[in-house]
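Colleague: Okay, here's the prediction I keep looking at, along with the sequence it came from:
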Amino acid sequence: MERIAYYIILGVVSGVFSGLIGIGGGIIIIPALVIFFEFTQQQAQGTTLALMVPPIGLLAAYAYYKHGFVDMKAASLICLGFFIGGFFGAKFAVSIPKEILQKIFGIFLVTIGLYFVVKK
């Protein structure tokens with residue numbers, strides 16, 4: 001039950017950032033699944049593609065699914081949170097100056113990049 005809430009929270013956070021600065025699956029969800037949920041890289045990518053299936057990642061998600069790298073429960077719950085969070089992120093993004101939005105985006109990208117470069 002606890003993991004369900006965390007998956008939905010991940011979806012909401014990803015949705016907010018998606019609405020705010022146009023990022024989500026590859027930059028937020030995949031690293032979060034690897035770091036916090038101990039998914040393999042393939043599981044994280046396959047699950048992320050599955051949650052974004054309609055219609056973007058259908059064929060790619062199916063390829064991962066066939067090899068057992070998709071957690072459909074996690075994908076569904078994160079999708080629900082992402083749907084809700086995207087709305088709130090977008091509402092915030094349209095209300096702040098372009099320069100601040102660009103800084104938020106850049107800081108987030110550098111932080112995630114540094115984590116993957118220096119992690120053991």
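Modeller: Good, I have the coordinates. Residues are numbered from 1 along each chain as shown.
Colleague: Just the helices from this protein, written as ranges.
Modeller: Per DSSP state H, the chain carries helices over the ranges 2-21, 30-35, 41-51, 58-66, 72-93, 98-118.
Colleague: What is the shortest one packed up against?
Modeller: So that's helix 30-35. Helix 30-35 sits against helix 2-21, helix 41-51, helix 98-118, with contacts defined as 3 or more Cβ pairs under 8 Å, 6 or more residues apart in numbering; DSSP states H and E. Quick note: C-beta positions are derived from backbone N, CA and C, even for glycine.
Colleague: can those helices go into CSV with extra columns for mean pLDDT, distance to residue 68 and mean neighbour count?
Modeller: What follows is the helices and strands packed on helix 30-35, written out as CSV (pLDDT from 0 to 100; distance: least, Cβ to Cβ, whole Å; neighbours: other Cβ atoms under 10 Å):
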stretch, mean pLDDT, distance to residue 68, mean neighbour count
helix 2-21, 88, 19, 20
helix 41-51, 85, 8, 23
helix 98-118, 87, 24, 11
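Colleague: and residue 87, which of these is closest to it?
Modeller: Residue 87 lies closest, by Cβ to Cβ, to one member of those: helix 2-21, at 6.3 Å.
Colleague: Who are the packing partners of that closest one?
Modeller: helix 30-35, helix 72-93, helix 98-118.
Colleague: try 7 Å
Modeller: helix 72-93, helix 98-118 (3 or more Cβ pairs under 7 Å, 6 or more residues apart in numbering; DSSP states H and E).
Colleague: what about the closest residue to residue 9 other than its chain neighbours, neighbour count?
Modeller: The spatial neighbour of residue 9 that comes closest, neighbours along the chain excluded (Cβ to Cβ, 6 or more residues apart in numbering), is residue 81 at 6.4 Å. If you count neighbours by other Cβ atoms under 10 Å, residue 81 ends up with 22.
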